[in-house]
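# Predicted model and sequence below, questions to follow.
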Amino acid sequence: MDIDKLLVKVFLPDDESWLRHANPWSIWSRFATLPFIILSFWSRVWIGWYCVIPITILIFWVWINPTLFGKPKSFESWGARAVLGERVYMKRKDVPMPCGHKNMIVVLNVLQTIGGVILICGVWKLNVYLTVHGTTFVYLAKMWFLDRMVWLYEDSIVKTGSVRTRIVSCG
């Protein structure tokens, strides 16, 4: 099983969870969690093993977050379309993606991973410089990735009145 499929199964197990996660409150409150996770790991210096408490709470928050908010009234916001684009991406083995997205998404995932490695090294070594740069790198790559998800979502549907149908991929 792919790591992304495993994470989706744990954090967003069904279509209903994805629709609820498209709520702006869910999107942005979850997005804002990374600095708190970093601070929790960094707090090992000040509170020792008690740092496990905020880390556990934050992991629980990331897991429970999509279930706490209802479906948005509209899916036209940038964030909602980004979440729906991620859903299209996660179903790429069942429903082929439109042309031109796969390679760029791979590049953006690699960039996020590089930023994550820098961030983890910074937190591990308690190096503020690496931590800030890694966090910035992760956030910039994630925002670019989410923007690409909006594009993927928009390319995967055709709006004809109120009817939406899938576009056929390019082989």
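In hand now; what should we look at?
# how about low-confidence regions in this protein?
Within the chain, the stretches with pLDDT under 70 are 1-13, 158-171.
# Now for the residue nearest to residue 39 when sequence neighbours are not counted, how many residues are close by?
Using CB to CB, 6 or more residues apart in numbering and skipping residues adjacent in sequence, the residue nearest residue 39 is residue 54, 7.8 Å away. All C-beta spots, glycine's among them, are computed from the backbone N, C-alpha and C. Residues near residue 54, counting by other CB atoms under 10 Å, number 17.
# Hmm, residue 54 is touching residue 43, no?
Yes - counting by CB atoms under 8 Å, residue 54 touches residue 43, with 6.8 Å between them.
# Quick check: the residue nearest to residue 39 vs residue 107, distance?
33 Å (CB to CB, to the nearest Å).
# Residue 99 in helix, strand or coil?
Assigned state for residue 99: coil (three-state reduction, DSSP: H, G, I helix; E, B strand; the rest coil).
# Which residue ranges of this structure form strands?
157-160, 163-166 (DSSP state E).
# All set now, cheers.
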